[in-house]
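1. Fold the stuff below for me.
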Amino acid sequence: MSIETTAANEVTVLAQLSGMLRELLEEYGLDDTEITMETTFHDDLELESVDLVALSGQLREHYGDRVNFANFIAERDLDEIIALTVGELVRYIVASLQATA
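-> Numbering: from 1, shown residues only. Below you'll find the model as predicted:
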């Protein structure tokens, strides 16, 4: 895969992930928050663990078994999870989709 294709995939996945996150944020009235690759789940979006569980369900619904959010999170310690950015998840999703393409 070329760098251009990967970048295009990241843009597409970021848009899809942003939509999922906006659904979660809607209940907090934060659905107009800008979401970029640098946005953090904890500090910027203020997501709690229950929100990450909901996001995991949305990812499974959208991408099926090709993206395993539970494994992605399980590989990190608490500090890494707290510092997790949208971009890290986007890159994981792109890599998972490419690996199963």
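
2. average pLDDT for the host helix or strand of E88?
-> Assessed by DSSP states H and E, E88 sits inside helix 86-99. Averaging pLDDT along helix 86-99 yields 95.

3. List the buried residues in it.
-> V86, G87, E88, L89, V90, R91, Y92, I93, V94, S96 (16 or more other Cβ atoms under 10 Å). Yep, even glycine has a C-beta here, placed from its N, CA and C like the rest.

4. Who are the contact partners of the last one?
-> Which is S96. Y63, R66, V67, N68 (Cβ atoms under 8 Å, 6 or more residues apart in numbering).

5. and the next element down the chain from the longest helix along the chain?
-> Secondary structure of the chain per DSSP state H: the longest helix is helix 3-26. Using DSSP H and E, the helix or strand that follows helix 3-26 towards the C-terminus is helix 49-63.

6. Need the pLDDT of the nearest residue to T33 once chain neighbours are set aside.
-> Distances taken as Cβ to Cβ, 6 or more residues apart in numbering put L25 closest to T33, at 6.1 Å, once the chain neighbours are dropped. pLDDT recorded at L25 is 90.
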